[in-house]
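1. One predicted model, sequence on top.
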Amino acid sequence: MILVTGGAGYIGSHAVLELRRSGQQVVIFDDLKEGHRAAAQDAPLVQGDLCDRDLLIDTIRRHKVDAVMHFAARCYVGESVTQPAKYVRDNARGMHELLEAMRACEVKRIVFSSTCAVYGVPAKVPITEEFIRQPISPYGITKRFCEEQLEMYCRAYGFAVVAPRYFNAAGADPDGQLGEWHEPETHLIPSILRTVLSGGTRTLEVFGTDYPTPDGTCVRDYVHVADLASAHRLALTAMKPGVFEPVNLGTGRGQSVLEVIAAARTVTGAPIPYQVLPRREGDPPALVAGGDKAKRFLGWTPRHVDIVETVRHAWNWLKAHPQGYQS
Ligand SMILES: NC(=O)c1ccc[n+]([C@@H]2O[C@H](COP(=O)([O-])OP(=O)(O)OC[C@H]3O[C@@H](n4cnc5c(N)ncnc54)[C@H](O)[C@@H]3O)[C@@H](O)[C@H]2O)c1
């Protein structure tokens with residue numbers, strides 16, 4: 001039985017779908033502040049806060065949990081600058097409470113959602129796992145501290161840990177069962193698509209066209225959420241007691257903001273005008289995953305690497321759910 005924290009959120013819900021399709025049993029733990037009951041589908045769901053250690057222990061014991069996938073976190077980089085306390089509590093302390101609940105129940109296998117934000121502004125791209133961790137936002141700092149806690153628990157208590165560092169999660173379940181809905185939406189692809197759906201009431205903003213990139217806009221590595229989900233399933237069998245394994249999850253391809261907008265024009269047929277604003281503080285010019293550790297260590301190769309296909313999956317779900325999970 002796998003405990004999936006944050007399993008009612010965007011990536012966690014796709015992981016739950018993947019696990020259940022492969023015949024595994026799951027229990028979701030989510031406070032539903034950002035997540036959606038409908039995204040949990042009919043999987044068992046415990047609504048609770050990560051900082052409630054007793055409820056975590058009760059959930060692990062009652063459901064006979066033997067491994068954990070930990071997606072639950074606060075994830076708005078900008079908000080983390082103005083409200084760091086929320087990030088220290090939910091991300092850093094939440095990790096501590098979860099680890100202590102696991103230790104109390106002698107459950108030692110965990111896959112932890114880390115992020116390329118732990119690298120900060122890398123000296124070069126592509127980025128491999130050996131790059132120094134120098135996060136520049138409170139969000140990234142709390143994620144690095146989660147990794148550090150996990151490293152200590154591996155060494156001292158024999159925990160088995162895989163920490164996938166995702167680049168930009170994107171797309172939606174190819175069969176259209178699940179998608180991405182955040183309020184506010186800060187991710188590029190759903191922002192573009194929700195602008196199209198708004199019929200002109202929303203304006204798309206592009207932050208910076210003077211970066212040292214081929215077209216001047218930021219370059220990111222958009223990894224399909226269904227591929228992230230399959231990597232998590234594989235991580236459960238690749239992990240080893242006493243070992244902390246960070247692993248980059250990306251496609252190894254970079255797409256600029258303007259290339260993503262062009263892909264969205266192809267998919268939607270809409271003109272998609274945009275307004276150019278100054279650079280946002282702390283946005284590195286390019287973040288692209290490098291190395292072959294995910295393939296070597298997990299046996300994972302991303303299946304959906306065409307940005308047009310990724311945008312199409314996101315669009316198919318959004319068109320069918322214009323109000324998100326309330327639709
Ligand atoms: N989306 C990305 O591009 C991306 C990239 C890198 C890393 N990540 C990481 O992946 C994970 C999932 O991201 P997502 O985009 O699905 O986010 P999300 O906000 O959609 O999902 C997170 C879920 O965790 C729940 N949650 C948060 N704090 C909680 C708490 N204290 N107690 C209980 N539940 C809590 C939320 O309600 C939500 O359902 C996060 O850890 C995030 O940092 C995401």
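-> Perfect, I can see it now. Numbers count the residues shown, from 1 in each chain.

2. quick one: is stretch 250-267 near the ligand?
-> No - residues of stretch 250-267 contacting the ligand under Cβ under 6 Å from any ligand atom: none, with a closest distance of 10.1 Å. For the C-beta atoms, the positions are set from N, CA and C on the backbone; glycine is no exception.

3. And the contacts of that stretch?
-> Contact with stretch 250-267 is made by 116, 125-126, 166-167, 188-189, 192-193, 196, 204, 206, 213-215, 217-224, 270-272, 274, 286-290, 302, 305, 307-308, 310-312, 315, as judged by Cβ atoms under 8 Å, 6 or more residues apart in numbering.

4. Give the ChimeraX command for selecting the buried subset of these.
-> Selection command for ChimeraX covering only the buried members of the contacts of stretch 250-267, criterion 16 or more other Cβ atoms under 10 Å:
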select :116,125,126,166,167,188,189,192,193,196,204,206,213,217,218,219,220,221,222,223,224,286,287,288,289,290,302,305,307,310,311,312,315
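
5. Go back to the contacts of stretch 250-267 and keep what's next to the ligand.
-> When contact is defined as Cβ under 6 Å from any ligand atom, the contacts of stretch 250-267 meet the ligand at Tyr166.

6. Among the contacts of stretch 250-267, which lie within strands?
-> The strands, defined by DSSP state E, take in 166, 204, 206, 219-220, 222-224, 274, 286-287 from the contacts of stretch 250-267.

7. So what's the residue count around Arg61?
-> When neighbours are defined as other Cβ atoms under 10 Å, Arg61 has 13 of them.

8. Kindly report the residues of the stretch 101-250 of the chain close to the ligand.
-> Residues of the stretch 101-250 of the chain lying near the ligand (Cβ under 6 Å from any ligand atom): 113, 115, 166, 168-169.

9. per-residue confidence at Phe145?
-> Predicted confidence (pLDDT) at Phe145: the value is 98.

10. State the number of residues packed around it.
-> 18.

11. mind checking the SS state of it?
-> Counting by DSSP: H, G, I helix; E, B strand; the rest coil, the backbone at Phe145 sits in helix.

12. Tell me who's in contact with it.
-> Counting by Cβ under 8 Å, 6+ apart, Phe145 touches 91-92, 95.

13. Could you do Ser22 as well?
-> With contact taken as Cβ under 8 Å, 6+ apart, Ser22 is in contact with Arg233.

14. Low-confidence stretches in the protein?
-> Nowhere does the chain drop to pLDDT under 70.

15. Would you map the helices across it?
-> 10-21, 53-62, 77-82, 84-87, 94-104, 138-157, 188-197, 225-238, 257-268, 293, 307-320 (DSSP state H).

16. Of all the ones you listed, which one is nearest Phe244?
-> Nearest of the helices of the chain to Phe244, taken as Cβ to Cβ: helix 138-157 at 4.5 Å.

17. The closest one: which residues count as buried?
-> 138-147, 149-151, 153-154.

18. Kindly report the domain assignment for this structure.
-> Annotated domains of the chain cover 2-170+223-249, 188-220+253-326 [automatic domain parsing].

19. TSV for those domains, including distance to Gln177?
-> Formatted as TSV, the domains of the chain follow (distance: least, Cβ to Cβ, whole Å):
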stretch	distance to Gln177
domain 2-170+223-249	6
domain 188-220+253-326	8
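
20. ranking the ones you listed by burial, who's on top?
-> Ranked by mean neighbour count, the domains of the chain are led by domain 2-170+223-249 with a mean of 20 (mean count of other Cβ atoms under 10 Å).

21. Look up how far the ligand lies from the closest residue to Cys51 other than its chain neighbours.
-> Nearest residue to Cys51 in three dimensions, chain neighbours excluded: Glu97, at 5.3 Å (Cβ to Cβ, 6 or more residues apart in numbering). According to Cβ to the nearest ligand atom, to the nearest Å, Glu97 and the ligand sit 9 Å apart.

22. ok, now which ones touch Glu97?
-> Neighbouring residues of Glu97 by Cβ under 8 Å, 6+ apart: 50-53, 56.

23. next one: Ala320
-> Under the criterion of Cβ under 8 Å, 6+ apart, the neighbours of Ala320 are 176, 327.

24. Apply 10 Å and report the result again.
-> Applying Cβ atoms under 10 Å, 6 or more residues apart in numbering, we find Ala320 in contact with 172, 176, 179, 327.

25. Put the buried members of the residues you listed into a ChimeraX selection.
-> Remark: buried members of the contacts of Ala320, expressed as a ChimeraX selection using 16+ other Cβ under 10 Å:
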select :172,179
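
26. burial count for Gly171?
-> Counted with other Cβ under 10 Å, the neighbours of Gly171 add up to 27.

27. tell me how far stretch 39-58 is from the chain's mean position?
-> 19 Å (Cα atoms, centre = their mean, to the nearest Å).

28. Run the contact check for that stretch versus the ligand.
-> Yes - with Cβ under 6 Å from any ligand atom as the criterion, the ligand is reached by stretch 39-58 at 49-50.

29. What's the end-to-end length of that stretch?
-> End-to-end distance for stretch 39-58: 23 Å, by Cα to Cα, to the nearest Å.

30. Restrict stretch 188-204 to CA atoms and write it as CSV.
-> Only the C-alpha atoms of stretch 188-204 are listed here, as CSV (Å, rounded to 0.1, in the frame of the first residue of the first chain):
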residue,chain,number,x,y,z
LEU,A,188,3.1,28.7,-18.7
ILE,A,189,1.0,26.2,-20.7
PRO,A,190,-2.2,26.3,-18.7
SER,A,191,-1.8,30.1,-18.5
ILE,A,192,-1.7,30.3,-22.3
LEU,A,193,-4.6,27.9,-22.7
ARG,A,194,-6.8,29.7,-20.1
THR,A,195,-6.1,32.9,-21.9
VAL,A,196,-7.5,31.3,-25.1
LEU,A,197,-10.5,30.0,-23.2
SER,A,198,-11.2,33.4,-21.7
GLY,A,199,-12.0,34.7,-25.2
GLY,A,200,-9.9,37.9,-24.7
THR,A,201,-10.8,38.7,-21.0
ARG,A,202,-7.3,37.5,-19.9
THR,A,203,-4.0,38.8,-21.2
LEU,A,204,-1.0,36.5,-21.6
